[in-house]
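For reference, the sequence and a predicted model appear below.
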Amino acid sequence: MNSDTQYEDSVSIMVLENIKNKLLHAFRTSAEPRTSAETAIHPIGKSLQVNEELRRAKIDGAITWLRSELLEMRSQDRQLAQTLLGLNKEIQRLRQENGSLLLDADSTEHL
């Protein structure tokens, strides 16, 4: 495993841990018991706040998923670039080899 992959893995783990903590916080907030006075005075405000927290947690989750997908795409892009560079190198080597064979064939025909 190279250092880029290790870095990307550690970043992904940190981002996922952050999302987990935000979700736990959002659900902890929504699960807190209310007193009857709070329920009578601020039921709509508390409900809106909980909905907003959940909405933010969902958005954060979606952003994290996108980030992890982009990291995976970056990794695949690097692998593909390395493969293409290797193929190009091999094609150039074969062309040189083929060219030298053609030159050898031409020189033997003229003798």
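Looks like it arrived, so ask away.

What's the mean pLDDT across the helix or strand harbouring residue 72?
Assigned by DSSP states H and E, residue 72 falls within helix 43-109. Mean per-residue pLDDT for helix 43-109: 88.

what's that helix packed up against?
In terms of contacts (3 or more C-beta pairs under 8 Å, 6 or more residues apart in numbering; DSSP states H and E), helix 43-109 is packed against helix 3-31. Every C-beta, even on glycine, is put in place using the N, C-alpha and C of the backbone.

Any idea how many residues pack against residue 23?
16 (other C-beta atoms under 10 Å).

contacting residues for it?
Neighbouring residues of residue 23 by C-beta atoms under 8 Å, 6 or more residues apart in numbering: 57, 61.

So for it, what pLDDT did the model give?
You'll see residue 23 listed with a pLDDT of 73.

Residue 57 - how many residues pack around it?
Residue 57 sits with 19 neighbouring residues when counted by other C-beta under 10 Å.

Isn't it up against residue 24?
No: Residue 57 lies out of contact with residue 24 (C-beta atoms under 8 Å); the separation is 9.3 Å.

what sits in contact with each of the two?
Overlap of the contact sets of residue 57 and residue 24 (by C-beta under 8 Å, 6+ apart) is empty.

and the helix holding residue 72 with helix 3-31, angle?
160 degrees (axes from the mean of the first three to the mean of the last three C-alpha atoms, to 10 degrees).

Distance from helix 43-109 to the middle of the chain?
Relative to the mean C-alpha coordinate of its chain, helix 43-109 is positioned 10 Å out (C-alpha atoms, centre = their mean, to the nearest Å).

need the contact list for residue 75.
Per C-beta under 8 Å, 6+ apart, neighbours of residue 75: 4, 5, 8.

Filter these down to the buried ones.
residue 8 (16 or more other C-beta atoms under 10 Å).

What distance do you get for residue 17 to residue 59?
Distance of residue 17 to residue 59, given as C-beta to C-beta, to the nearest Å: 17 Å.

next one: residue 48
With C-beta to C-beta as the criterion, residue 48 and residue 59 are 16 Å apart.
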